[in-house]
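Q: have a look at this prediction, sequence included:
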Amino acid sequence: MNKLFTYVIYAGILYFAACTGKAANQQAPPPPALPVVKLEIGSATTWQSYPATVEGTTNIDIRPQVSGYLEKIYVEDGSWVSQGQPLFRINQKEYTQYSKTAEANINLAKANVEKAQVEVDRLEPLVANKVIAEVQLKTAKAMLHEAQAGYAQAVSGKTSADITLGYTVINAPVSGYVGHINFKQGSLIGRGEQLPLTVLTEVSNVHTYFSMSEAEFLRFSETIPGASMEEKINNLPPVELELADNTIYPEKGKVELVQGQFNRTSGNISFRALFTNKQKLLRSGISGRIRIPFHQNNKLLVPQQSTYELQDKIYVFALGDSNKVVSKQIKVVGKSGNNYIVDNGVTSGESIVFSGIQRLRDGAVIVPQPTSIDSALADHSPSKH
């Protein structure tokens, strides 16, 4: 039993010695060759976004100008209409009768004028021959003037009746989209209704409204050049509209104006931007976010690709002595394209590992491959792979 135990111990020693010798004969892997970039000061563009709502440049309440039963609805909710296109028709019978009565009044007034003219024509030669007194002719002429005034009044009444009759057909005052129709066919409507028949929105151009808090407005005022607010608004670059699906509306917009005072309830101040809407993609009431670019100079830029996150903090691997890498936490104050804007943790002129950082650890040795940031970004762009 003792001999067997001795043999087992001896065999274990031989096996351990063999493994140790084999490990000693294995060579350590060479340090990885990784691209290294030198950080530089440059210009940056950051974007500030604000919740926004879209409204047509013209929102018109469509209301009846006469009372009556809604006899015909020519359009549907949300339909596009052209200027002058019929929208609604109110029962016309009553107003057609008014027009016919006015026409009859014109004929009656015309007959009175002709009758008075005949009387004047009859009396004129008699007065000329001194057969009758001149006062009779003057009376006849006064009657003629009265008949002519009655005729003019009748013509005016006919015009008014025709205008009123025309109000029974309600046409689109502008081209645009029809909003919700608040009344059904057959409803009794009139000028005193609280709700309009519908709202017509002109959307060839749209206004986008957004607000800033007092702190945001102060930063805006300090950042944008200009002696007055009007100059600052004029100096603003074109803005973007981010839609609800996170896509960017293809047309750029222009901030037009800012309100004169803050809203006391919300503490915000409102702005308005104008966007063209040739494709009719934007509708009144939709929401999005206005994105305003701010151009900044003398900023330290760090490629996002060169960073990694650990416990909600952002780090880079800086190149240290003897080509050893050192993990450094950086303070990010903004984003510009593919770069972070950094104001602490690294400095201009310092070299960091651009890519291949997934397996690096503090103190690891690398073979640095110096390159420029632009070249590194081009080499690692999606089109290269």
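A: Here it is on my side, so go on. Numbers count the residues shown, from 1 in each chain.

Q: and the host helix or strand of residue 125, average pLDDT?
A: For residue 125, the host element (DSSP states H and E) is helix 93-128. Averaged across helix 93-128, the pLDDT comes to 94.

Q: equivalent analysis for stretch 315-330, please.
A: Mean predicted lDDT for stretch 315-330 stands at 93.

Q: buried ones in it?
A: Within stretch 315-330, the residues scored as buried using 16 or more other CB atoms under 10 Å are 315-319, 325, 327-328, 330. Backbone N, C-alpha and C define where each C-beta goes, glycine included.

Q: tell me the one of those nearest residue 212?
A: Relative to residue 212, the closest of the buried residues of stretch 315-330 is residue 330; by CB to CB it sits at 28.8 Å.

Q: assign that closest one to helix, strand or coil.
A: strand (DSSP: H, G, I helix; E, B strand; the rest coil).

Q: same thing with residue 193?
A: coil.

Q: residues contacting it?
A: Residues near residue 193 by CB atoms under 8 Å, 6 or more residues apart in numbering: 63-64.

Q: could you report the pLDDT at it?
A: Listed pLDDT for residue 193 reads 89.

Q: now residue 221
A: Listed pLDDT for residue 221 reads 87.

Q: quick one: secondary structure of the closest residue to it other than its chain neighbours?
A: Among residues not flanking residue 221 along the chain, residue 232 sits closest, at 6.8 Å (CB to CB, 6 or more residues apart in numbering). Secondary structure assignment for residue 232 (three-state DSSP): helix.

Q: same question for the helix or strand harbouring residue 54: list its buried residues.
A: For residue 54, the enclosing helix or strand under DSSP H and E is strand 40-62. If you call a residue buried by 16+ other CB under 10 Å, then strand 40-62 has these buried ones: 42, 44, 46-48, 50, 52, 54-58, 60, 62.

Q: quick one: contacts of the helix or strand just after it?
A: Downstream of strand 40-62, the next assigned helix or strand under DSSP H and E is strand 68-73. Residues from elsewhere that reach strand 68-73 (CB under 8 Å, 6+ apart): 87-92, 94-95, 168, 181, 183-190, 197.

Q: check stretch 74-87 too.
A: 62, 73, 88-89, 169-181, 197-198, 200, 280.

Q: that one: how far from the chain's middle?
A: In terms of CA atoms, centre = their mean, to the nearest Å, the centre of stretch 74-87 is set 24 Å apart from its chain centre.
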